[in-house]
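Trainee: got a predicted structure here, sequence first:
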Amino acid sequence: MDRDFEVVIAGFGGQGVLFAGMLLAHGALKAGRNVAWIPFYGPEMRGGTAGCTVIISNDEIGSPIVSRPAAAIVMNEPSLAKWGPRVKPGGILVINRSLALSPFERDDLHIVEVPATGIAGSLGSDRMANMVAVGALLGTLSVLPVDVVSEVLPEALGPGKERFVEPNREALRRGLAAAAQAVGVPMP
């Protein structure tokens with residue numbers, strides 16, 4: 001079994017972390033990959049802890065359980081404390097520095113710090129912080145092209161939400177740019 005990519009996306013309920021994972025899963029399916037998406041959340045939906053795991057593979061996925069992901073997006077302080085130490089050496093950790101303020105250092109990770117909530121707020125709604133963080137993740141790895149994820153955004157949002165497609169695409173682009181600036185590489 002070849003697990004190409006395992007990611008955990010975690011934050012407070014209401015930050016769109018489950019949707020961010022679903023969007024990655026839709027993109028992976030569109031790219032012809034196998035996918036597993038599993039949500040997890042605390043007893044409260046909005047405001048409690050929430051997250052999901054996404055596995056993207058060229059092969060069949062035998063188990064959807066992820067305890068040491070290759071990458072993590074952490075949208076708040078509790079998620080950073082829980083998942084930052086669990087990312088595999090050589091992995092990627094995207095930190096929303098608007099809400100996760102504690103210092104975090106590991107010399108065996110690619111840490112991408114972006115003020116996702118702040119960037120989303122500058123676009124008119126901090127509810128798009130999840131898309132900024134997804135853009136930052138996609139800007140640091142080659143598992144899925146951001147164009148494929150952008151293309152499946154209308155399908156993932158669902159009918160009646162067409163007005164949110166372009167703002168969310170812009171949030172993805174801003175996250176991509178923020179990642180390029182954070183790690184000092186040109187944008188793809």
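Mentor: Everything's here; your move. What you see is a predicted model, and the numbers here were worked out from it, not measured in a lab.
Trainee: centroid-nearest residue for this structure?
Mentor: Closest residue to the average C-alpha location of the chain: Val134 at 3.9 Å, with C-alpha atoms, centre = their mean.
Trainee: how about the residue lying closest to it once chain neighbours are set aside, what does it touch?
Mentor: In space, and not counting its chain neighbours, Val134 is closest to Ala20: 5.1 Å by C-beta to C-beta, 6 or more residues apart in numbering. Where C-beta positions appear, they are placed from N, C-alpha and C, glycine not excepted. Contact analysis of Ala20 by C-beta atoms under 8 Å, 6 or more residues apart in numbering lists 9, 52, 73, 130-131, 133-134.
Trainee: so how far is the helix or strand containing Ala20 from its chain's centroid?
Mentor: Ala20 belongs to helix 17-30 when assigned by DSSP states H and E. The chain centre lies 9 Å from the centre of helix 17-30; the measure is C-alpha atoms, centre = their mean, to the nearest Å.
Trainee: give the buried residues for that helix.
Mentor: 17-29 (16 or more other C-beta atoms under 10 Å).
Trainee: could you check the angle helix 17-30 makes with the helix or strand following that helix?
Mentor: Per DSSP H and E, helix 17-30 leads on to strand 34-41 as the next helix or strand towards the C-terminus. Taking axes from the mean of the first three to the mean of the last three C-alpha atoms, to 10 degrees, one finds strand 34-41 and helix 17-30 inclined to each other by 170 degrees.
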